[in-house]
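# Can you look at this prediction? I've put the sequence above it.
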Amino acid sequence: MDISAGALGNANGRDRPCALKKPRSDGVVLVCDDNLMNQEVIGLYLKRMGIRSVAAHDGKACVEMVQERINNGEPPFDLIFMDMLMPIMDGSEATERISALCTGVPIVAMTANAKESDLAGYRKLGISECLGKPFTTQELLGILQKYFE
């Protein structure tokens, strides 16, 4: 389900919105989910498409990984799959913090809460897409094909 946000950064009070960038096929995807099975399933499909991935087990680790790439002068991740319900730091707070960094990374929310009211809130945080849980392989591949041509 597409909940396209116009530009990242609108929710963080910046005057100039951050540009949403298109991922590169040679880039790296960050999978942020406390469920190891979800990490493995997404990682497997990314690998089949020739896309590298790394995983974070909670929102805090995800934000730290994004910040580390910035600090090291590395290119930002090309896509982030973000579980919205995790321990330590949930996906909403992690997304808000990542959006404030203005990296332009598209973020795909993974959630069982895909009601229209939830989607509006995700959009304000900087979420580009929503992948409902549980998701089918076709839904996951649809997201990947949209971002990685």
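Thanks, I have it. Numbers count the residues shown, from 1 in each chain.

# elements contacting the helix or strand of the chain at the bottom of the mean pLDDT ranking?
None of the helices or strands of the chain scores lower by mean pLDDT, DSSP states H and E than helix 116-125, at a mean of 77. Contact analysis of helix 116-125 by 3 or more C-beta pairs under 8 Å, 6 or more residues apart in numbering; DSSP states H and E lists helix 91-100, strand 107-111 as its packing neighbours. C-beta: built from backbone N, CA, C; applies to glycine.

# can you give me the helices for this protein?
In the chain, the helices defined using DSSP state H lie at 36-48, 59-71, 91-100, 116-125, 137-147.

# Tell me which residues of the fourth one come out buried.
Neighbour-count burial for helix 116-125, counted by 16 or more other C-beta atoms under 10 Å, picks out 118-119, 122-123, 125.

# tell me which of the residues you listed is nearest to Gly73?
Leu125 (26.5 Å; C-beta to C-beta).

# do you know how far the nearest residue to the closest one once chain neighbours are set aside is from Ala112?
Residue nearest to Leu125 in three dimensions, not counting chain neighbours: Thr95, with 4.5 Å by C-beta to C-beta, 6 or more residues apart in numbering. Noted for Thr95: a distance of 17 Å to Ala112, by C-beta to C-beta, to the nearest Å.

# just checking, Ala56 touches Cys62?
Yes. Using C-beta atoms under 8 Å, Ala56 is in contact with Cys62, at 4.0 Å.

# Find residues that contact each of those two.
Residues touching both Ala56 and Cys62 (C-beta atoms under 8 Å, 6 or more residues apart in numbering): 30, 32.

# Give the residue spans of the chain that score low on pLDDT.
Within the chain, the stretches with pLDDT under 70 are 1-26, 114-117, 149.

# Count the residues that sit near Ala100.
Number of residues near Ala100 (other C-beta atoms under 10 Å) recorded here: 17.

# residue contacts, the closest residue to Glu139 other than its chain neighbours?
Spatial nearest neighbour of Glu139, chain neighbours left out: Leu131 (6.2 Å); criterion: C-beta to C-beta, 6+ apart. Residues in contact with Leu131 (C-beta under 8 Å, 6+ apart) are 81, 108-111, 139-140, 143.
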